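*Asks:* Provided below for reference: sequence and predicted model.
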Amino acid sequence: MTDYDAIIIGAGHNGLICGAYLAKAGKRVLVVDGREQPGGCASTRELAPGFRLSDCAQWLQQFDDTIVRDLDLKSAGLKLGAGKRTIALQAGGDHLTLDGDLLRGAGIGTKDQVNFQSFRQQIDVFSKLMLKLYRNRAPKLVDADWSDRMTLMKLGLGLKLMGKENMQDLMRIALINIYDVMNENFDHEGLKAALALDAITGTNMGPRSPNTVYTYLHRAMGGPLQAGGVAQVMGGMGALGEALQAAAERCGAKVQLGCAVEKIVKEGDRVTGVSLADGSALTAKVVISSADPTTTFRDLLGYEHLETGMARRVAQYRTRSGTAKLHLALSGLPAFTGLDAKALSQRLVIAPTMDAIESAFNPMKYAECGPSQVFDISIPSVEDSSLAPEGQHVLTALVHYLPYAPDGGWEAHRQATLDNLMRQLEAYAPGLGGQVVASELLVPPDLEAAYGMAGGNWHHGELSIDQALMMRPFPGSTQYRTAVEGLYLCGAGAHPGGSLMGLPGRNAAQEISKQGVLA
Amino acid sequence: MNQYDAIVIGAGHNGLTNGAYLAKAGLKVAVLERNPYIGGATVSRELHKGWYYSNCSYVASLLRPEITRDLELPRHGLQVVPFGGGATFMRNGDHLGAYSDHDRHYREIARHSKRDANAYDRYAADTARQTKLIRPYLLKTAPDPTSLKPRDLRDLLEFAKSFTSMGEEGLLDTIKFWTASVGDYLNEYFETDVLKAHLAGSGIIGTALGVYSPGTAYVLLHHYMGDVDGNVGAWGFARGGMGAIADALSKSFQSFGGEIICDANVDEIIVRDGQAKGVALKDGTEYHADIVVSNLDPKRTFLDITNPKDLPEDVLHKARNFKIRGSSGKLNIALDGLPVFDGLDPRSRLMAGDLHFSDSLERQERAYDDWKNGTWSKDPYLDMMIPSLTDPTMAPPGKHMMSVFVQYAPPKVEGRDWTDEDKDGFEKSVIDQIANYSPNFKDLILHCETRTPREIEAEVGLTEGNIFMGELTFDQLLFNRPFPGYAQYRGPIKGMYMCSSGTHPGGGVMAAPGANAAREILMDLKRPNTVPGGYADD
């Protein structure tokens, strides 16, 4: 008799979701994590006394609504803010607002307005089709069984049903770059850049890199919030982790925090359990890792337990990321030129043109800190006053692109980079620097260390076509089952990939149940 | 008078191939050419007395052997001489040589990295597998996945079968190969910068992408899928320059009764009641035929020589959005003698191959960044060769002819047209790049013919100077080339066809688009097919 039916490594959102679904199905489940907080990247942290903010992920956008319903996350305490508009800040102060299907400001023309609506409609059609693929395990193409064939047929039928023109368009653009697609559709530079930003977030690619249409579609995948854009989680993103923990425990799963898994234990040909940092060893019928594939196979299992071909796949798995986080605690509400105070609760982006994004991308390729970056900004304390002391605020921003390992190491560059980022923000919000009570820059190696993500890549591995869908994370270890018997994956490194979506965890639980290995 | 069964616009290699197959089937065919000479980008020109420049395209490999044999090109004078060798020079004075002898090549790589030398065979085998997969589809029309026609369904099924026969992991590896960047692909095999840089060049030639851009591993394939005398992946020189290919094709075409008309600058395709009826030249002359085949690139075909009122709106839209960005330049140089290169014996066989001067992926990617910023690369990637070492007929005795392909050169400089000063600056950066590794090079230059995208467009008519007549990205490959819905060589007007490199399988001196288009035309005319299908690879 094993200690558990399933031990899940990592209490990130996918680990908790997988655990909740398995426990709901009556299995004995342990979710174990070295961090004291549940949620992994869905995390709230105190930057300075009284100032709390979403440390890693800051927006909820793609979280799958079937999970919200299945696990009844609302009653477990999840509270979302209102859907947000995106305000693309322009140098002159005449900003561009993206509000659902509507565009306002910045001299946007009627042609762009009309094209924007048809573009959104088409993306909606495409993402609905992709959702069919995302809500199932990615089908095998050659060794397909009946369930894979069903998915493939649904996809094929969905392709046909979207009409010849949509089908042609999808097959034309699916593998190319967002830069060309934006130029085909729109004239307004600010609009093109604001949309392209979604395509490059969390990636190692610039707008001109082929593959960015795919990453754009990935972001456009809608849960309950799609129509309203992004939302913040009240209480900070950590509240999502807490709600998921509560839901998992309600289903009967045990969640053990503050105790890291040291090793995945393999006996003979199969994985039999884990050993923990406190020296204890636990056994289970299966071990399911929500850690990224590199951490799982290289660090927790070890190359010595892999056959050569697989070890090579692990070593070749790419985990680069150019996304950093900037946190500010502010003594008051910042003043952005041309923006009234109420608008500060919205999503603010600074990305003047697609070429500016590409220029920010170029130096990162050579491990350099470039002169200018692009920003995706949240001031969550405007909507959620619990996050900062009365009258004061927190600002958190995704910053693209900063290198993983600049020459001389990050400590030689950190202060200069932070100063440079502040200068860039002050161009839009004069006086911002004077309001700073505390500040912090989390670069990719910081995110790697804090959240155990190889490369600081929040997708747990680059979301490029050759590492996506039926190839995720790599051939031989797809469909949540790895090449090592008894070891499964349920994290963002498994299909359909990263961002707070929850589908890898949910799909993995369903697959593992179906395979009967827990019986 | 002036009445033909078919008119082909443009006497490039695809136009001539297309004309030859139509004429072979018994049609009365005229090929019209704007220039006073034929060949398009497949041309040899004596631009400096005694020196013959392969002015644009400069090496042969992709020309389909089925076509070479079927049109009896050797009998019409074509001789392709294989060459070996090549080297990438390094900033530290060393170089990486490319030897055709397997063991010698192993030792050369091992000199840089033992591990890479061992990985090389695995790399070569994997790449050869991808090559063999694609080669049978070059002489086939790409099936349309949106179509329910029996023919498309059958071809798709066959296509799917050849893929599934690789097994699950083999198939996934193939998808990886088709979508990854050449940089990432090579990183999986090798650790040495210079070896990666040496191989990566083929992934960016003619392409408005960098070595780190996803999709470039496939472009690499485009340079590996040819052969010389049955040696897959081998390259050769057409004796007498690339014009020899056009000459042989034209002789073959004429032997079937075809007619070539030079100095015939087409103004417009004549359309009556939705049916192509011929073409009108700029000088007012008209040539009539119910079949009009355009060998111009898709932009010129639909936006220049077709009246917009004859075209559906979606085609105009697609043509305007067709990506045909120029990214390459060319220098042809007459030399007073043989240049010497640092660290390389002038008698070495390596001298006869492609010589490169970028010793890392980073330098190649930075060259691409220059292009993105709207300027020519200041540290350009060069594919340089001295064809006269292999084919002495290209230059007077004791003298040499050098061909330098340059990646990258933008179609416009910082958003404006190229000026003569820009051209001089471009030329200087290329010559300096070579002179950095060759002390006597500058003194040997007798004449230099420089082609920026501006000159390539003006001379050959390739829009923006794009050598593939449209980028080789997935939105413009297979059933998407040139546009979805028009990828089977038929234009939107009855009787109008396309046979240029802007159609499947794309650019390079392959002649496959011309042959495939002829097969479709003959099918529509319900005439017996004269066009060979692909050979099987053993």
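*Replies:* Received the coordinates, thanks.
*Asks:* Any regions of chain B where pLDDT drops low?
*Replies:* B:1, B:536-538 (pLDDT under 70).
*Asks:* Residue A:202 touches residue A:460, doesn't it?
*Replies:* No. Checked against CB atoms under 8 Å, the pair residue A:202 and residue A:460 is beyond contact range at 10.4 Å. No exception for glycine: its C-beta is placed from N, CA and C like everyone else's.
*Asks:* With neighbour numbers in mind, choose between these two.
*Replies:* Higher neighbour count among residue A:202 and residue A:460: residue A:460, with 34 against 24, using other CB atoms under 10 Å in any protein chain shown.
*Asks:* Thought residue A:296 was touching the more buried one, still the case?
*Replies:* No. Residue A:460 is not in contact with residue A:296 according to CB under 8 Å; the separation is 9.3 Å.
*Asks:* circling back to that earlier point, identify the contacts common to residue A:202 and residue A:460.
*Replies:* Both residue A:202 and residue A:460 are contacted by residue A:498, under the criterion CB atoms under 8 Å, 6 or more residues apart in numbering or on different chains.
*Asks:* For residue 37, give me its contacts.
*Replies:* By default, I'm working from chain A. The neighbourhood of residue A:37, defined by CB under 8 Å, 6+ apart, consists of A:43-44, A:238, A:241, A:257.
*Asks:* let's do chain B instead
*Replies:* By CB under 8 Å, 6+ apart, residue B:37 lies in contact with B:43, B:45, B:262.
*Asks:* Secondary structure class of the second one, three-state.
*Replies:* Three states are possible here, and by DSSP: H, G, I helix; E, B strand; the rest coil the one that applies to residue B:45 is strand.
*Asks:* I'd like to know how far it sits from residue B:37.
*Replies:* In this view, residue B:45 and residue B:37 are 7 Å apart by CB to CB, to the nearest Å.
*Asks:* Next: the last one.
*Replies:* Residue B:262 sits at a distance of 7 Å from residue B:37 (criterion: CB to CB).
*Asks:* Leaving out chain neighbours, which residue sits closest to residue A:48?
*Replies:* Using CB to CB, 6 or more residues apart in numbering or on different chains and skipping residues adjacent in sequence, the residue nearest residue A:48 is residue A:438, 3.8 Å away.
*Asks:* Could you look up the SS state of that neighbour?
*Replies:* Under three-state DSSP, residue A:438 falls in the strand class.
*Asks:* what residues does the stretch 301-450 of chain B put near chain A?
*Replies:* B:321, B:323, B:362, B:365-366, B:369, B:372 (CB under 8 Å from any CB of the partner chain).
*Asks:* Name the member of those with the most neighbours.
*Replies:* residue B:365 (22 neighbours).
*Asks:* Grab the nearest non-local neighbour of it.
*Replies:* Nearest to residue B:365 is residue B:210, by CB to CB, 6+ apart, at 4.7 Å.
*Asks:* ok, back up a step: helices - which of the residues of the stretch 301-450 of chain B next to chain A land there?
*Replies:* B:321, B:362, B:365-366, B:369, B:372 (DSSP state H).
*Asks:* quick one, what contacts residue 85?
*Replies:* All of this refers to chain A. Residue A:85 makes contact with A:97-100, A:229, A:346-347, according to CB under 8 Å, 6+ apart.
*Asks:* Actually, chain B is the one I wanted.
*Replies:* Residue B:85 touches B:97-100, B:348-353, counting by CB under 8 Å, 6+ apart.
*Asks:* switch the cut-off to 7 Å
*Replies:* B:98, B:349-353 (CB atoms under 7 Å, 6 or more residues apart in numbering or on different chains).
*Asks:* Near chain A, which residues of chain B? Just list them.
*Replies:* Applying CB under 7 Å from any CB of the partner chain, we find that chain B lies next to chain A at B:145-146, B:164, B:167-169, B:171-173, B:175-176, B:179-180, B:184, B:188, B:212-215, B:321, B:323, B:362, B:365, B:369, B:372, B:473-475, B:480, B:484-485.
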